[in-house]
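> Here's a sequence, model it:
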Amino acid sequence: MSASQQTLLCVHAHPDDESIFTAGATMLYAERGYRVVLITCTNGRLGIDQNNHGGNHPDHDPTWTVATRARELSMAAQMVGVARHIQLGYDDSGMAGWPQNKEPDSFVATPVATVAAQILAVIEEEQPEVVLTYDERGFYGHPDHIHAHQATMAAVESSTSVERLYYPVIPQLARQEVRDLAQQGGLSMPAWVTTAKGTPDNLVSTSLPTAPYSERKRAAIAAHASQTDNAEIVALAPLLFENLFGREFYQRGWSRREALNDQTDLFGGI
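Okay, here's the model as predicted:
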């Protein structure tokens, strides 16, 4: 099967996740002639608004935030090679314990089966061989990420076209390398990286050659300009950014049959 007949599907929770977690993969495969499809599950309403208020601030403006993040996402998706973008439109649920978790239109309040059916409908239309989404921890525990994982797994297991599903991860060795670089150079690093547990190296199945896309990935993250908490990522020193975000690693989370030759290619052997 030629690359032009193969499809990569990414399922993310919020606008900007497609740039932070999987932009290297999507740019790599788009340039190789694969079709790249993106599902964004929420509208990102609890992101940072025009007054720099987070979603849990009493004066937060969700209307402005939703509209702005939709524009930013449209631009960033094109930058990272997405050919088709589907916005499911659920309300951003916020962090664990936020009162918005319980609102009826929030993503986490929506039954997994309902979301899975929507994702499965896209899978049936697009027939992707490979799907990317978060692991069962949601990478760092965000409730919307975990919900996206659960719904995507249910959809993939009901599909006939998907051959493999992968999670973007930070291997423990790579995490330590980045920490050492930061310490040696006196460089600052995002707090969530400092506290991240990392994935055991023996569980990492694939290391993609995404270094050539490092600065384009930085630009895609910067396109989500309203989310000022990403500014520390965009401002990282080049060496640190290339080591932290210029490399992309994946854990094979599901496979229809024995997966071979995927050490440097998510589609290897398919």
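> ok, which stretches of the stretch 51-200 of the chain are strands?
84-90, 130-132, 164-169 (DSSP state E, counting those that start in this stretch).
> Can you tell me the element M27 falls in?
Of the helices and strands defined by DSSP states H and E, M27 is found in helix 23-31.
> The helix or strand that comes right after that helix packs against which elements?
Scanning forward in sequence from helix 23-31 by DSSP H and E, the next helix or strand is strand 35-42. Taking 3 or more Cβ pairs under 8 Å, 6 or more residues apart in numbering; DSSP states H and E as the contact definition, the neighbouring helices and strands of strand 35-42 are strand 7-12, helix 17-20, helix 23-31, strand 84-90, helix 112-126, helix 143-158. Yep, even glycine has a C-beta here, placed from its N, CA and C like the rest.
> Mind checking the pLDDT average for the fourth one?
If I follow you right, that is strand 84-90. Along strand 84-90, the predicted local confidence has a mean pLDDT of 98.
> Tell me what angle that strand forms with helix 143-158.
Here strand 84-90 runs at 120 degrees with respect to helix 143-158, directions being taken by axes from the mean of the first three to the mean of the last three Cα atoms, to 10 degrees.
> what's next to strand 84-90, contact-wise?
35, 37-43, 70, 73-74, 77, 105-107, 110, 115, 118, 122, 126 (Cβ atoms under 8 Å, 6 or more residues apart in numbering).
> still on that earlier bit, can I get the helices and strands packed on strand 35-42 in CSV including mean neighbour count and distance to R252?
Written out in CSV, the entries for these read as follows (neighbours: other Cβ atoms under 10 Å; distance: least, Cβ to Cβ, whole Å):
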stretch, mean neighbour count, distance to R252
strand 7-12, 27, 14
helix 17-20, 26, 20
helix 23-31, 23, 13
strand 84-90, 18, 24
helix 112-126, 17, 18
helix 143-158, 23, 12
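> Make JSON lines out of the ones you listed and add distance to R164.
What follows is the helices and strands packed on strand 35-42, written out as JSON lines (distance: least, Cβ to Cβ, whole Å):
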{"stretch": "strand 7-12", "distance to R164": "10"}
{"stretch": "helix 17-20", "distance to R164": "19"}
{"stretch": "helix 23-31", "distance to R164": "13"}
{"stretch": "strand 84-90", "distance to R164": "20"}
{"stretch": "helix 112-126", "distance to R164": "13"}
{"stretch": "helix 143-158", "distance to R164": "9"}
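> Can I get the strands of the stretch 51-200 of the chain in a markdown table including distance to M27?
Compiled in a markdown table, those are given as follows (distance: least, Cβ to Cβ, whole Å):
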| stretch | distance to M27 |
| --- | --- |
| strand 84-90 | 15 |
| strand 130-132 | 13 |
| strand 164-169 | 14 |
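> Of these, which is nearest A211?
strand 164-169 (15.7 Å; Cβ to Cβ).
> Which strands or helices does the closest one pack on?
Partner elements for strand 164-169 (3+ Cβ pairs under 8 Å, 6+ apart): strand 130-132, helix 138-141, helix 143-158, strand 248-255.
> Can you find the helix or strand in this protein with the smallest mean pLDDT?
Scoring the helices and strands of the chain by mean pLDDT, DSSP states H and E places helix 191-195 at the bottom, with a mean of 68.
> which regions of the stretch 101-250 of the chain sit below the pLDDT cut-off?
When residues are selected by pLDDT under 70, those of the stretch 101-250 of the chain lie in 192-196.
> try it again with 90
Low-confidence regions of the stretch 101-250 of the chain, defined by pLDDT under 90, span residues 139-141, 172-198, 229, 232-233, 235-246.
> Which among the helices and strands packed on strand 164-169 is found nearest to N202?
Distance to N202, taken as Cβ to Cβ, is lowest for strand 248-255 among the helices and strands packed on strand 164-169, at 10.1 Å.
> Partner strands of the closest one, with direction?
strand 164-169 (antiparallel), strand 206-208 (antiparallel) (DSSP bridges).
> out of those strands, deepest packed?
For these, the stretch with the most neighbours on average is strand 164-169, a mean of 26; neighbours defined as mean count of other Cβ atoms under 10 Å.
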